[in-house]
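1. here are the coordinates; sequence isn't available:
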């Protein structure tokens, strides 16, 4: 506080005889000054000073409260943002105790806020590589209640601790792994027929080996058969891509169920092993079905090829077509290797194969059943599987019958 009297330069310029200045201070930080002026000299006394000091205290309280309100509002908005942000966010204090765990962190990891907040990170987040996390995103595998997760983690330090943010990359890692498996699978699937074609072509091209007409025909049959196999692989890849992108169209029309089933079996018999028996069990007469004929044909081709492929010891493969309550049920049954119950849901995933290491000699791109599922969904149907290991499998679906 300071009192200015007449004669000082600042007062002469303003015509003020007396000036009382009292600082406004809150939390030991100066916020401003209260100035009281009078034209007469020695105007201010002890009572005026007390009044000015009281005004100063009240002004300091009002300003400080306003600042606190703004800070609380800011923090409330930040807390609200953390409630709805999609990334997981948590805060560790300087002692490594979790002080904040937002809802997204709980959703992603399956760890509830009450189980984490207040606990040491070394216990609540055991195995998390927090000491390796920096300001640039890095992907780490961590253990969660429902299994392993791949998280992209970043960290930012501040005076009271460290804020961590993370994003779930588990699905992306799964897709990357599928892509890697797909490249490996396709490479193998393409290499086998290419090797056969190359071998047959080189043999036919040799001048130092005399081949009989039957041998030449055999070599040409290999080239034709393996070329057809290559074409099927490429067509499956292209069709799966078109289904994914929504480009593939499945038209709604009328299809002759029995005729399509017979044509699929006739084509399959030309390259099925001799020990495999293919039969058709179809009611007579059969109504037409509401379906895309090409799509239905593709589904049955894939199911029959699968049945033959997963019956390495041969056996009976039966295609059934029967009317049922205004619909027509299609089924493809084999007595081959069968499918473990735990895999029934996964076999329709893109690129998924029951025998990825070819330990049972069963190849394939892992696209056949995926294509079946996608085509049937577009026709308003759903594919089902009934299978037991060692006793074979039955795949079935239904389509609406067209009234005659």
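-> That came through, no problem. Bear in mind the structure is a predicted one, so any value in this text is a computation, not a measurement.

2. low-scoring stretches of the stretch 301-404 of the chain, by residue?
-> 355-364 (pLDDT under 70).

3. same deal with the chain?
-> 1-15, 72-73, 75-82, 355-364.

4. so what are the domain limits for it?
-> Following automatic domain parsing, one gets these domains for the chain: 2-81, 85-168, 173-244, 254-400.

5. Now render the ones you listed as CSV, adding mean neighbour count.
-> Backbone N, C-alpha and C define where each C-beta goes, glycine included. Output for the domains of the chain, formatted as CSV (neighbours: other Cβ atoms under 10 Å):
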stretch, mean neighbour count
domain 2-81, 13
domain 85-168, 15
domain 173-244, 14
domain 254-400, 18
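
6. What pairs with whichever strand or helix holds residue 19, parallel or antiparallel?
-> Taking DSSP states H and E as the definition, residue 19 sits inside strand 18-26. According to DSSP bridges, strand 18-26 forms sheet pairs with strand 2-5 (antiparallel), strand 29-38 (antiparallel).

7. List the contacts of the longest one.
-> The set of residues that contact strand 29-38 without belonging to it, under Cβ atoms under 8 Å, 6 or more residues apart in numbering, is 14, 16-25, 44, 48, 52, 55-56, 59-60, 63-64.

8. what's the angle between whichever helix in the chain runs longest and strand 29-38?
-> The longest helix of the chain (DSSP state H) is helix 46-84. If you take axes from the mean of the first three to the mean of the last three Cα atoms, to 10 degrees, helix 46-84 sits at 140 degrees to strand 29-38.

9. And helix 46-84, how far out from the chain middle?
-> Distance of helix 46-84 from the chain centroid (Cα atoms, centre = their mean, to the nearest Å) equals 47 Å.

10. For it, name the packing helices and strands.
-> Here helix 46-84 touches strand 18-26, strand 29-38, going by 3 or more Cβ pairs under 8 Å, 6 or more residues apart in numbering; DSSP states H and E.

11. now with 10 Å?
-> strand 18-26, strand 29-38, strand 88-93, strand 98-101, helix 103-109 (3 or more Cβ pairs under 10 Å, 6 or more residues apart in numbering; DSSP states H and E).

12. Now distance to residue 144 too, for these, in a markdown table please.
-> Converted to a markdown table, these look like this (distance: least, Cβ to Cβ, whole Å):
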| stretch | distance to residue 144 |
| --- | --- |
| strand 18-26 | 47 |
| strand 29-38 | 46 |
| strand 88-93 | 11 |
| strand 98-101 | 14 |
| helix 103-109 | 5 |
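
13. Doesn't residue 148 lie inside a strand?
-> Yes. Counting by DSSP: H, G, I helix; E, B strand; the rest coil, residue 148 is located in a strand.

14. Verify the stated contact: it with residue 170.
-> Yes. Using Cβ atoms under 10 Å, residue 148 makes contact with residue 170 at a distance of 7.8 Å.

15. Show me whatever sits in contact with both of those two.
-> residue 141 (Cβ atoms under 10 Å, 6 or more residues apart in numbering).

16. Pop out the phi and psi values for the residue nearest in space to the middle of the chain.
-> The chain has residue 171 as the residue nearest its centroid, 3.5 Å off, counting by Cα atoms, centre = their mean. Per-residue torsions, residue 171: phi -70, psi -40 (degrees, to the nearest 10).

17. For the closest residue to residue 185 other than its chain neighbours, give me its contacts.
-> Nearest non-adjacent residue to residue 185, counting by Cβ to Cβ, 6 or more residues apart in numbering: residue 365, 5.7 Å away. Contact analysis of residue 365 by Cβ under 10 Å, 6+ apart lists 182, 185-186, 188-190, 232-234, 236-237, 240, 350-351, 353, 371.

18. Could you identify the most distant pair in the residues you listed?
-> Distance extremes for the contacts of residue 365: the farthest pair is 188 and 371 at 19.4 Å, using Cβ to Cβ.

19. thought residue 189 was touching residue 195?
-> No. Look at residue 189 against residue 195 with Cβ under 10 Å: they stay out of range, at 11.5 Å.

20. Now do residue 300 against residue 402, distance only.
-> Going from residue 300 to residue 402 by Cβ to Cβ, to the nearest Å gives 18 Å.

21. Spit out the contact partners of the closest residue in space to residue 99 that isn't next to it in sequence.
-> Distances taken as Cβ to Cβ, 6+ apart put residue 91 closest to residue 99, at 4.8 Å, once the chain neighbours are dropped. Residues near residue 91 by Cβ under 10 Å, 6+ apart: 82, 97-102, 117, 158, 160-164.

22. Columns distance to residue 247 on top of those residues, output as TSV?
-> Listed next are the contacts of residue 91 as TSV, based on distance: Cβ to Cβ, whole Å:
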residue	distance to residue 247
82	41
97	54
98	48
99	51
100	46
101	44
102	40
117	49
158	50
160	54
161	51
162	48
163	44
164	42
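
23. Closest one to residue 263 out of those, please.
-> For the contacts of residue 91, the minimum distance to residue 263 (Cβ to Cβ) is 58.7 Å, reached by residue 102.

24. Distance check, that closest one against residue 131.
-> Taking Cβ to Cβ, one finds residue 102 at 22 Å from residue 131.

25. and if you look at residue 342?
-> Distance, residue 342 to residue 131, using Cβ to Cβ: 37 Å.

26. which stretches of the stretch 101-250 of the chain form helices?
-> Taking DSSP state H, counting those that start in this stretch as the criterion, the stretch 101-250 of the chain carries its helices at 103-109, 113-116, 121-124, 170-205, 213-245.

27. what's the closest of those helices to residue 320?
-> In terms of Cβ to Cβ, the element of these nearest to residue 320 is helix 213-245, at 24.0 Å.

28. Centre of the chain to that closest one, how far?
-> 33 Å.

29. what angle do that helix and helix 170-205 make?
-> Using the same axes, to 10 degrees: helix 213-245 against helix 170-205 is 160 degrees.

30. C-terminal to helix 213-245, what's the next element?
-> strand 254-255.

31. so which strand or helix has the closest residue to residue 267 other than its chain neighbours?
-> Distances taken as Cβ to Cβ, 6+ apart put residue 301 closest to residue 267, at 7.4 Å, once the chain neighbours are dropped. Element membership for residue 301 (DSSP H and E) is helix 293-309.
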